[in-house]
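Trainee: curious how this folds, go ahead:
(one chain, ligands or ions: 2)
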Amino acid sequence: MKMHTTEKEQTIFDHAGNRIKTDNREIRILARYEEPLVVVLGNVLSDDECDELIEHSRERLQRSKIGEDRSLNSIRTSSGVFCEQTETITRIEKRISQIMNIPIEHGDGLQVLRYTPGQEYKPHYDFFAETSRASMNNRISTLVMYLNDVEQGGETVFPLLNLSVFPAKGMAVYFEYFYQNHELNKSTLHAGTQVIHGEKWVATMWMRRQNFRVS
Ligand SMILES: O=C(O)CCC(=O)C(=O)O
Ligand SMILES: [Fe+2]
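Mentor: Numbering: from 1, shown residues only. Ligands and ions are numbered 1, 2, ... in the order given. Now for the predicted structure:
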């Protein structure tokens, strides 16, 4: 009898067990969805690091209009800024690179988003369409870190996987979409649902297939 075994695709995230030991912090693996790989991580950022990222970005959101202008975008109504390089950000990026198992030069840079009640990020892919220029060095994986506890709403949802991740300060969700099987990549469709009460702050790192920035 012929066996119909389907080979599991290779993953970028090669951490086994329930912990990831990085140079400066021990990360906890709390939940995994196997294909596409979606991993919920605990103890990614300290409370102080979360607070510092929020304060650093709050000032910059206020100073620059860039973030606020984006509120005209109907897909993503939150406002966002890319972080400038500070000592804390360099330390966090080093950790992120170890978690994501990709050199930090492949990253788009750390982007902080703020959602106020009613704001959301509608279902989308983090990779670019094959027809776009940006897809020549496309994104392959994402880490969304939660910088605060949200009173109500603001879950990161994967509608095609029936999976919801609730934001909690210092935790993160990782997922990847570099699979040969494009259907698997397409099942990483995700959204940040509307915040109902309170604010929601996240920091996102997107990784590219090849070097993206010089550092
Ligand atoms: O805010 C969220 O929960 C999701 C953020 C997101 O999808 C992104 O930054 O690409
Ligand atoms: Fe996204």
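
Trainee: ok but Lys169 is inside a strand, no?
Mentor: No: read with DSSP: H, G, I helix; E, B strand; the rest coil, Lys169 is coil and lies in no strand.

Trainee: didn't it look like it was pressed against Asp48?
Mentor: No: the pair Lys169 and Asp48 fails to qualify as a contact (Cβ atoms under 8 Å) at a distance of 11.0 Å. Where C-beta positions appear, they are placed from N, C-alpha and C, glycine not excepted.

Trainee: okay, those two: which has more neighbours?
Mentor: Using other Cβ atoms under 10 Å as the criterion, Lys169 and Asp48 rank with Lys169 on top: 16 against 9.

Trainee: can you tell me the closest non-neighbouring residue to Gln180?
Mentor: Counting by Cβ to Cβ, 6 or more residues apart in numbering, Gln180 lies nearest to Glu9, which is 6.3 Å off, once chain neighbours are set aside.

Trainee: what does the chain put close to ligand 1?
Mentor: By Cβ under 6 Å from any ligand atom, the residues of the chain that approach ligand 1 are Tyr121, Asp126, Thr142, Val144, Thr156, His190, Gly192, Val202, Thr204.

Trainee: in a strand, the fourth one, correct?
Mentor: Yes: checked against three-state DSSP, Val144 lies within a strand.

Trainee: check contacts around it.
Mentor: Applying Cβ atoms under 8 Å, 6 or more residues apart in numbering, we find Val144 in contact with Thr156, Ala172, Val173, Val202, Ala203, Thr204.

Trainee: quickly list what it is bridged to.
Mentor: Bridge pairing for Val144 (DSSP bridges) gives the partners Val173, Thr204.

Trainee: and it, what pLDDT?
Mentor: Note for Val144: predicted pLDDT of 98.

Trainee: quick check: the residue of this protein nearest ligand 1.
Mentor: Gly192 (2.9 Å; Cβ to the nearest ligand atom).
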